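J.: please find the sequence and the predicted model below.
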Amino acid sequence: MSAALSLLCMPRFYFDVTEDDQFAIDDDGEDMPRAEVGAAAASTLAEIASDAIRRCPRSVRLAIDVRDGDGLVLRARLDYRMDEPG
């Protein structure tokens with residue numbers, strides 16, 4: 001299979017992000033092999049978490065729902081909370 005044909009056959013995945021009570025729907029999506037979706041979701045979650053924790057260092061709740069044309073493929077979540085002892 002040629003590289004051009006391989007790109008045409010590659011599935012499109014959409015990465016919808018939830019940060020606390022805010023939702024961002026991915027209308028564009030990204031073409032990638034299905035085997036790379038989990039790593040892409042984890043990497044995206046880490047980047048968003050880094051920015052979110054700088055803005056609100058006490059508590060962050062994030063989720064990325066990855067979907068394709070048939071529906072939900074996976075969900076990656078992070079629930080971060082900093083508690084002081086005592």
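T.: Sure, I can see it.
J.: could you measure from Thr18 over to Tyr80?
T.: Separation of Thr18 from Tyr80 (C-beta to C-beta, to the nearest Å): 14 Å. Backbone N, C-alpha and C define where each C-beta goes, glycine included.
J.: kindly report the same for Leu45.
T.: To Tyr80, Leu45 is 11 Å away according to C-beta to C-beta.
J.: quick check: mean pLDDT of the longest helix seen in the chain?
T.: Determined from DSSP state H, the single longest helix within the chain is helix 37-55. For helix 37-55, mean pLDDT rounds to 94.
J.: for stretch 11-25, same thing?
T.: Here stretch 11-25 scores 95 as its mean pLDDT.
J.: hmm, who's touching it?
T.: By C-beta atoms under 8 Å, 6 or more residues apart in numbering, the list of residues contacting stretch 11-25 from outside reads 26-34, 37, 40-41, 44, 48, 52, 60-69, 73.
J.: what comes up buried for stretch 27-35?
T.: Across stretch 27-35, burial judged by 16 or more other C-beta atoms under 10 Å covers Glu30.
J.: perfect, I'm done here.
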